[in-house]
Each structure stands twice: as structure tokens, then as C-alpha cells.
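1. Sequence and predicted structure, then a few things I'm wondering about:
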Amino acid sequence: MERVQISRFAQASPFHGGLRPVLTRVFTTGIAVFLAVAIVPGIEASTLTAGAAAVLVLTFLNLILRPILLVLTLPLIVLSLGLFLVVVNALLLEFTAYLVKDFTVAGFWPAVGGALVISIVTSILNIGRLEPPPVEQVIVERRAPKIINPE
């Protein structure tokens with residue numbers, strides 16, 4: 001019998017690979033948030049603890065709430081050719097400021113500026129850690145063809 005090897009992409013969960021991808025995601029978001037606090041006027045973290053809490057809350061919101069918001073606002077995202085994603089990110093940043101004490105966002109436009117900085121920085125940092133998707137290999141044994149009407 002002939003053996004055939006089939007390769008296909010395996011479905012990976014957000015936590016595929018253990019704790020390392022989660023920690024790198026938190027670290028990447030942390031660098032981006034602290035850079036946004038340093039660059040954008042109107043975004044402030046009064047203590048280091050408030051900044052770290054904002055990083056954790058924003059990472060959690062991006063993991064849980066952002067996919068729901070993307071599905072709900074999909075028509076607006078399509079109509080604006082993706083520019084509404086900045087508004088969604090700004091709203092998540094404002095919600096983070098609402099949830100975390102001593103982390104403040106002065107208004108909508110500083111939130112938009114912070115969302116742009118965070119998006120650009122996380123995109124640049126994620127380029128370096130792109131990995132090919134996991135490939136699952138399945139080996140199937142092929143049967144010999146069965147001849148129905150031999151002559």
C-alpha cells in the first residue's frame with residue numbers, strides 16, 4: 001500500500017504555545033502604551049503602577065472586547081476603508097482610562113492620537129515575531145484500487 005502525506009494548517013487558539021505568546025503580547029502593548037504616554041499630550045499615567053494596570057486592562061480589552069466591537073462595527077469599517085478601526089481603538093483606550101485610576105485620557109483627539117501611536121508601535125514590534133502558522137501532517141494509507149468487472 002502506498003502512503004500519502006497531507007499537510008494542512010492547524011487551527012491555533014489565542015493561547016497556543018503556552019504562556020510565552022501571552023507575555024510577549026503584554027510586553028508589546030506595554031511598550032506601545034508607555035510610548036503613547038510619552039509622546040501624545042493628553043494621555044497621562046501618574047504612577048508606574050497605573051501605567052502597568054492600564055497595559056494589562058488594555059491587553060485584556062483587546063483580547064476580549066475588541067473582536068466583538070469589530071463584528072458590530074464591520075459595516076462602518078468597510079465604508080470608511082478601515083479608518084473606523086482607529087475610532088474603535090480610541091474608544092478602547094478611553095474605556096481603559098475609565099477603568100484604571102490615575103491613567104487619564106484628556107479627550108477624544110488625544111485618544112485617537114494614542115490609538116494611532118499604539119497601533120503603529122505594536123504593528124512594528126509584531127513584524128519581528130511573525131511565525132509561520134503551525135502545520136499539521138496527516139499520513140493516509142492508500143488502498144489499492146478494487147476492480148469490479150475483470151474481463
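-> Done, it's in. Residues are numbered from 1 along each chain as shown.
2. measure Thr73 to Val33 for me?
-> Going from Thr73 to Val33 by C-beta to C-beta, to the nearest Å gives 23 Å. Bear in mind the C-beta positions are built from the backbone N, C-alpha and C, glycine included.
3. more crowded one of those two?
-> Val33 (28 against 16; other C-beta atoms under 10 Å).
4. looking at it, the more buried one is touching Gly51, isn't it?
-> Yes. Contact criterion C-beta atoms under 8 Å: Val33 and Gly51 qualify, at 6.8 Å.
5. Show me what secondary structure element comes after the biggest helix by length in the chain.
-> Ranked by number of residues, the top helix in the chain under DSSP state H is helix 48-72. For helix 48-72, the following helix or strand on the C-terminal side (DSSP states H and E) is helix 74-79.
6. Just the CA atoms of that next one, as CSV, please.
-> Output in CSV follows, covering the C-alpha atoms of helix 74-79 (Å, rounded to 0.1, in the frame of the first residue of the first chain):
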residue,chain,number,x,y,z
LEU,A,74,-18.0,46.0,10.5
PRO,A,75,-20.2,48.0,8.1
LEU,A,76,-18.7,51.2,9.3
ILE,A,77,-15.2,49.8,9.0
VAL,A,78,-15.9,48.7,5.4
LEU,A,79,-17.5,52.0,4.5
